[in-house]
Structure formats: C-alpha cells, structure tokens
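>>> Sequence first, predicted model second:
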Amino acid sequence: MNPAANVAWVSVIIPALNEEEPIGDVVRAVAATHIPREIIVVENGSTDATAQRACEGGAKVISEPRRGYGRACAAGIRSLSPECGVVVFLDGDGSDCPEFMNQLVFPIAAGKYDFVIGSRTRGQRERGSMNAQQIFAGRFAGWLLSILYGVRYTDMCPFRAIRREPLERLGMGEKTYGWNLEMQMRAARAGLRILEVPVNHRRRAGGKSKVSGTWQGTFVAGARILATLVRVAFEKL
C-alpha cells in the first residue's frame with residue numbers, strides 16, 4: 001500500500017473537455033497508483049464521449065456545462081467527499097504522469113507542507129510536450145511572484161496537490177486558464193507551506209490541445225493568465 005494512502009483521504013480532480021481518446025487511460029493510470037480514494041472527472045461541455053469513457057475507466061463523472069478550466073476545477077471541489085483531506089489536480093489529456101503523485105501527496109500527508117506543485121521545467125519533458133511560450137510564461141510568472149510574495153515557482157503546472165482546508169479558504173474565483181496561477185498566488189500570499197518538485201511530462205495521448213495546439217488558443221490562454229496575475233496582485237492594494 002502506498003504510504004500516502006495510509007495517512008490521508010486523497011481525491012483527484014480531472015477537468016476534461018473533449019478528451020474521449022485519452023481520458024479512460026488517464027483514469028486507470030491514476031487508480032493504479034493506489035493513492036486516491038475517489039477520482040472525479042469534470043466533463044466541461046464536451047461534444048464527444050468523454051463522460052462515457054471516464055465512467056468506463058472507473059471515475060465519478062460530474063458535469064459542468066459552462067466551459068472554463070476554472071469552472072471545472074471549482075465544480076470538482078464542490079463534489080468532493082466529506083472525508084477528503086488532500087486534493088490532487090491533473091489534466092485529462094495524458095500529459096501528466098500519475099506515477100509522480102506520491103511525491104506530491106506524501107509531503108502533505110506527512111504534515112510538512114500544505115501545497116505541493118509539480119514542475120515540468122525541472123523534470124524530464126518529452127520532446128514537443130511543452131512549447132517555448134509555456135516554458136517562458138511559467139518561469140516569468142515565477143520570477144514575478146518571487147518579487148511579490150517571496151515564493152519562487154518555475155512552472156504553472158496543472159499537476160498539483162493541496163490540503164483541502166486551506167484550499168477552501170483561498171477564495172478561488174478564476175473561471176478560465178488563469179486558475180492555476182491564481183492558486184499559486186493565493187497560496188503564497190496566504191503563507192501556506194509550499195514545495196515545488198520536479199515531475200516528468202509527456203505529449204498529450206490523444207485529441208487536440210485547447211491551449212498550445214493553436215496560436216489562437218495560446219494567445220487567449222496567455223491573456224487570461226496575464227489578466228489573472230494583474231487582478232490578484234492588485235486586489236489587496
């Protein structure tokens with residue numbers, strides 16, 4: 001039995017939009033770690049068989065028809081079991097590596113940290129799994145946050161784990177791709193005990209990227225992330 005599973009009720013939230021090709025294998029890979037007690041796939045307005053494939057893989061599937069990455073994450077949080085103490089987020093496209101989940105969860109389950117985020121830029125990346133804009137954005141945002149809050153990140157990786165209690169106190173409100181950055185900013189400002197660990201990263205296992213797959217997707221996501229950074233940075237001033 002995985003040591004993290006012995007000391008914490010872990011729930012995994014997977015936002016998914018039109019991921020019918022990879023989602024079943026993603027759910028099964030997460031279950032194979034024997035860490036989570038529940039796996040929640042949030043079907044975010046898909047037009048394909050994402051929900052069916054996730055259910056076949058063994059996930060609890062809920063629907064959030066209003067599209068938006070942050071909306072999907074928030075819907076997953078609202079659906080958590082009362083017993084849940086640690087929440088893990090990862091993408092449904094097969095790019096994140098669930099075999100690294102224990103490295104995210106155990107420092108929290110051991111009582112040493114509140115928020116553990118994976119860093120793709122510090123881990124081994126499959127060629128083509130991240131574009132130059134993503135790498136630059138993660139490092140640049142990390143540099144800015146080190147100035148604002150004294151906490152240095154090297155990535156805005158979606159693969160992350162956080163204690164449920166402080167997560168629910170953060171006041172998350174971003175509805176789009178700025179969700180990940182908002183969490184990192186609010187966690188730093190709240191003084192949570194934060195750890196960043198290297199994780200490996202792969203190219204998506206199927207389907208089409210909503211962010212890095214097109215220049216339009218990259219631009220829209222970048223604009224939302226920038227807007228989130230400005231909004232959260234100035235909201236307490």
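Cool, got the structure. Just so we're clear, the structure is a prediction, and the values are computed from it rather than from any experiment.

>>> The spatially closest residue to Val151 that is not a sequence neighbour: what's it in contact with?
Nearest residue to Val151, sequence neighbours excluded (C-beta to C-beta, 6 or more residues apart in numbering): Ala188, at 4.0 Å. (Glycine included, C-beta is placed from N, CA and C.) Residues near Ala188 by C-beta atoms under 8 Å, 6 or more residues apart in numbering: 145, 148-151, 194.

>>> Now the helix or strand hosting Ala188 - C-alpha only, CSV.
Using DSSP states H and E, Ala188 maps to helix 179-189. Extracted in CSV, the C-alpha atoms of helix 179-189 (Å, rounded to 0.1, in the frame of the first residue of the first chain):
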residue,chain,number,x,y,z
TRP,A,179,-7.0,29.2,-12.3
ASN,A,180,-3.6,27.6,-11.8
LEU,A,181,-1.8,30.9,-11.4
GLU,A,182,-4.5,32.2,-9.1
MET,A,183,-4.0,29.2,-6.8
GLN,A,184,-0.2,29.7,-6.7
MET,A,185,-0.6,33.4,-6.0
ARG,A,186,-3.2,33.0,-3.3
ALA,A,187,-1.3,30.1,-1.6
ALA,A,188,1.9,32.3,-1.5
ARG,A,189,0.0,35.3,-0.1
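
>>> Which element is encountered next along the chain beyond it?
Immediately after helix 179-189, counting by DSSP H and E, sits strand 194-198.

>>> who touches that following strand?
Counting by C-beta under 8 Å, 6+ apart, 100, 103-104, 107, 112-119, 122-123, 151-155, 187-188 sit against strand 194-198.

>>> need the helices for the protein, in chain order.
Listed in chain order, the helices of the chain (DSSP state H) span 3-7, 23-32, 50-57, 69-78, 101-109, 132-149, 164-169, 179-189, 215-234.

>>> May I see the buried residues of stretch 98-109?
Buried residues in stretch 98-109, counting neighbours by 16 or more other C-beta atoms under 10 Å, are found at 98, 100-109.

>>> now the residues you listed as TSV including pLDDT and distance to Arg231?
Formatted as TSV, those follow (pLDDT from 0 to 100; distance: C-beta to C-beta, whole Å):
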residue	pLDDT	distance to Arg231
Pro98	98	32
Phe100	98	31
Met101	98	31
Asn102	96	34
Gln103	97	31
Leu104	98	27
Val105	97	30
Phe106	96	33
Pro107	97	30
Ile108	97	27
Ala109	95	32
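
>>> what residue is smack in the middle of the protein?
Closest to where the C-alpha atoms of the chain average out (C-alpha atoms, centre = their mean) is Pro158, at 2.9 Å.

>>> can you pull the contacts of the closest residue to it other than its chain neighbours?
In this structure, Pro158 finds its nearest non-sequential neighbour in Asp91, 5.0 Å apart by C-beta to C-beta, 6+ apart. Asp91 is in contact with 14-15, 158-159, counting by C-beta under 8 Å, 6+ apart.
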